[in-house]
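Student: A predicted structure for the sequence below; I have some questions about it.
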Amino acid sequence: MTRQAFLDRLRAGLRGLPSPTIVEIITDYDTHFSEGVAAGRSEAEIAAALGDPDRVIRELRAEAGLKRWEEQRNPSAAANAVLAVLGLGAIDILVLLPIVLSIAGTLVGFLVASFVLLGVGALMFAAGPFFIIGAPVAAIVLTGLALISAGTCFGCLTSAATIGFVNAVVWYGRLHIRLLKPALEPPHLDQKEIVA
Amino acid sequence: MVEAVQVQLKKGVLELCVLALLSRGDAYGYDIASRLAKGIGMGEGTIYPLMRRMQTDGLVDTYLVESTSGPPRKYYKLTNRGRESFAAQQSEWTAFSNAVNDILGNVE
């Protein structure tokens, strides 16, 4: 593969990332080619030593996704981070996928429920006194208020749980990037396990 | 599967190696890639995502130096946090590899 082909492939694979990030990354690899050529290697040799561009792209995208989630906590960054980690294609993530999906589904369900609570509460608060006949107005308005606050409270708890959940996925992704830490249990423990 | 485990293992060790290399002096991307990737048997391309990650984690800092032979070189240097992380990971690694070597020695 030529320098141009490698860089084009990289640029195509990184589409969608912030443009300063793409420029930085392309500059890194472009400089790498210049240095390699100056050291007397051919473009094809350098490209081969760099490895599979698709793997490089997956790692760069995963890193960019995790970084964005750390900088800005919003739904699109969260979705991005989770997708990027899944994109790393680690085998055990496939095993975890049903669990991840069911937790995500539950969270979405909770979110919908809290919106419904909010809506019903608001309706009761605003329009209840005109339509519900036979109950004291104060009781209806207060019930409406109670439903609104229950909905808000439930929504907040769900958001907190969602942030925790995305953090857990991100943490898991980082674990894949750095396997060294979990491998470093206290040595005497390892020995005991193996002897037993 | 075995191959995937090896890739993950090497990736983890790669960060420790980069920290070690930078603890002996600042270095630029091509230099790090060609000195390390070959020794460990990783594609040179994986060095750059790793360097970006380490920069995000605050372990390294970068600065540009004009080069006579081409475009300016981006040098990486350890931050204080990077030095602390290196010291911690180095002692962890030594303890871990000693334990594994002991066990391997007993088996032989």
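Tutor: The structure has been received and is ready for your questions. Predicted, not measured: the structure shown is a model, and the values here were computed from it.
Student: farthest from the middle of chain A: give me that residue.
Tutor: residue A:134 (51.1 Å; Cα atoms, centre = their mean).
Student: need the contact list for it.
Tutor: Contacts for residue A:134 (Cβ atoms under 8 Å, 6 or more residues apart in numbering or on different chains) come out as none. Where you see a C-beta, it was placed from the backbone N, CA and C, and this is true even at glycine.
Student: burial of residue B:25, as a residue count?
Tutor: Using other Cβ atoms under 10 Å in any protein chain shown, the number of residues around residue B:25 comes to 9.
Student: where's it, which helix or strand?
Tutor: According to DSSP states H and E, residue B:25 maps onto no helix or strand at all.
Student: is it true that the residue farthest from the centre of chain A lies in a helix?
Tutor: No - under DSSP: H, G, I helix; E, B strand; the rest coil, residue A:134 sits outside any helix and is assigned coil.
Student: look up how far chain B lies from it.
Tutor: Distance of residue A:134 to chain B, computed by Cβ to the nearest Cβ, to the nearest Å: 63 Å.
Student: for residue A:171, same thing?
Tutor: 13 Å.
Student: please apply the same query to residue A:162.
Tutor: Taking Cβ to the nearest Cβ as the measure, residue A:162 and chain B are separated by 23 Å.
Student: with residue A:117 instead?
Tutor: If you go by Cβ to the nearest Cβ, the gap between residue A:117 and chain B works out to 39 Å.
Student: try residue A:75
Tutor: 21 Å.
Student: so where is chain A shaky, pLDDT-wise?
Tutor: A:80, A:83-95, A:133, A:173-196 (pLDDT under 70).
Student: any idea where the helices of it begin and end?
Tutor: In chain A, the segments counted as helices under DSSP state H are A:3-13, A:19-38, A:43-50, A:53-71, A:75-87, A:91-131, A:137-177, A:180-183, A:187-195.
Student: point out the most buried one among the ones you listed.
Tutor: Across these, averaging neighbours per residue (mean count of other Cβ atoms under 10 Å in any protein chain shown) puts helix A:53-71 on top, at a mean of 20.
Student: find the nearest non-adjacent residue to residue B:78, please.
Tutor: Nearest in space to residue B:78, with sequence neighbours left out and distances taken as Cβ to Cβ, 6 or more residues apart in numbering or on different chains, is residue B:22 at 4.8 Å.
Student: what's the local residue count around that neighbour?
Tutor: 22.
Student: nearest the geometric middle of chain B, what residue?
Tutor: Note on chain B: the residue nearest the mean C-alpha position is residue B:18, at 2.3 Å, using Cα atoms, centre = their mean.
Student: host element of that one?
Tutor: helix B:2-23.
Student: now tabulate the helices of chain A in a markdown table and tack on distance to residue B:71.
Tutor: What follows is those, written out as a markdown table (distance: least, Cβ to Cβ, whole Å):
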| stretch | distance to residue B:71 |
| --- | --- |
| helix A:3-13 | 13 |
| helix A:19-38 | 5 |
| helix A:43-50 | 15 |
| helix A:53-71 | 20 |
| helix A:75-87 | 29 |
| helix A:91-131 | 38 |
| helix A:137-177 | 28 |
| helix A:180-183 | 33 |
| helix A:187-195 | 46 |
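Student: tell me where the longest helix sits in chain B.
Tutor: Longest helix of chain B, by residue count under DSSP H: helix B:80-107.
Student: list the buried residues in that helix.
Tutor: By 16 or more other Cβ atoms under 10 Å in any protein chain shown, the buried positions in helix B:80-107 come out as B:82, B:85-86, B:89, B:92-93, B:96, B:99.
Student: hmm, back to that, so who does the residue nearest to the centre of chain B touch?
Tutor: Per Cβ under 8 Å, 6+ apart, neighbours of residue B:18: B:32, B:36, B:47, B:50-51, B:54.
Student: from chain B, how far out is the closest residue to residue A:81 other than its chain neighbours?
Tutor: Nearest residue to residue A:81 in three dimensions, chain neighbours excluded: residue A:69, at 3.8 Å (Cβ to Cβ, 6+ apart). Distance, residue A:69 to chain B, using Cβ to the nearest Cβ: 11 Å.
Student: tell me the contacts of the residue of chain A found nearest chain B?
Tutor: At 2.3 Å from chain B, residue A:51 is the closest residue in chain A, using Cβ to the nearest Cβ. Contacts for residue A:51 (Cβ under 8 Å, 6+ apart) come out as B:42-46.
Student: switch to 10 Å and redo it
Tutor: B:37, B:42-46 (Cβ atoms under 10 Å, 6 or more residues apart in numbering or on different chains).
Student: quick one, what contacts the residue of chain B found nearest chain A?
Tutor: With Cβ to the nearest Cβ as the measure, residue B:43 is the residue of chain B nearest to chain A, at 2.3 Å. When contacts are counted by Cβ under 10 Å, 6+ apart, residue B:43 touches A:48-53, A:55-56, B:7, B:33, B:37.
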